[in-house]
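structure, please.
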Amino acid sequence: MGSEMCIRDRYDLYVFKHPEELEEYLMDIIREICDQEQNSLKNGGNAIIRDILHYVEQNYQYDLSLQELAEKKYFMNSSYLSRLFKKTINLSLIEYINGVRIKAAQNMIEKTNESISSVAEKTGFMTSAHFRRVFKDATGLSPQQYRQYFKRVNKPEK
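I've put the predicted structure just below:
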């Protein structure tokens with residue numbers, strides 16, 4: 001009894017002579033439905049994660065939270081979304097958001113003379129102190145040290 005059993009219409013049920021045959025047929029249908037549902041969740045889960053990655057890259061400068069994304073954008077439990085994200089990306093959502101923000105901050109520090117406070121604000125950090133702490137954890141340098149280092153390394157030769 002394989003997937004061809006699901007193709008049968010309701011009149012085919014009369015071909016079963018014993019209750020065990022009917023039970024096996026119904027169990028095959030249930031297994032197939034469960035497999036389809038599981039594959040759908042896996043593929044859907046990946047689609048949701050891809051969408052979140054894109055959303056974060058486009059909106060990192062705003063206040064983003066797992067709770068809000070889960071409940072208002074994807075209509076799911078935040079704990080479930082957190083586990084799905086961690087399982088798929090191997091980072092928590094906040095780690096990923098901070099990584100995107102730090103890359104944007106590095107780019108701004110390298111290419112502009114904006115104040116560190118302005119860079120922090122424009123990259124979505126609530127406070128300059130938090131920005132400095134996350135930046136140093138990620139790069140090993142404070143934002144100001146990073147700017148000085150970058151200028152020194154990229155100084156035009158005479």
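
can you pull the contacts of the residue nearest the centre of the chain?
Residue closest to the average C-alpha location in the chain (C-alpha atoms, centre = their mean): residue 49, at 3.8 Å. Residues counted as contacts of residue 49 (C-beta atoms under 8 Å, 6 or more residues apart in numbering) are 84-85, 88-89. C-betas here are computed from N, CA, C, even on glycine.

how about those in a markdown table, adding neighbour count, distance to residue 142 and pLDDT?
Listed next are the contacts of residue 49 as a markdown table, based on neighbours: other C-beta atoms under 10 Å; distance: C-beta to C-beta, whole Å; pLDDT from 0 to 100:
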| residue | neighbour count | distance to residue 142 | pLDDT |
| --- | --- | --- | --- |
| 84 | 23 | 34 | 89 |
| 85 | 24 | 29 | 91 |
| 88 | 16 | 32 | 89 |
| 89 | 14 | 27 | 90 |
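
for this structure, give me the ranges with low pLDDT.
1-14, 33-45, 156-158 (pLDDT under 70).

now the helices for it?
19-59, 66-68, 78-89, 93-111, 116-122, 128-139, 143-153 (DSSP state H).

before we move on, back to that, farthest pair within the contacts of residue 49?
84 and 89 (9.3 Å; C-beta to C-beta).

hmm, what's the outermost residue in this protein?
Most peripheral residue of the chain (C-alpha atoms, centre = their mean): residue 17, 51.2 Å.

and that one, how close does it get to residue 23?
Taking C-beta to C-beta, to the nearest Å as the measure, residue 17 falls 13 Å from residue 23.
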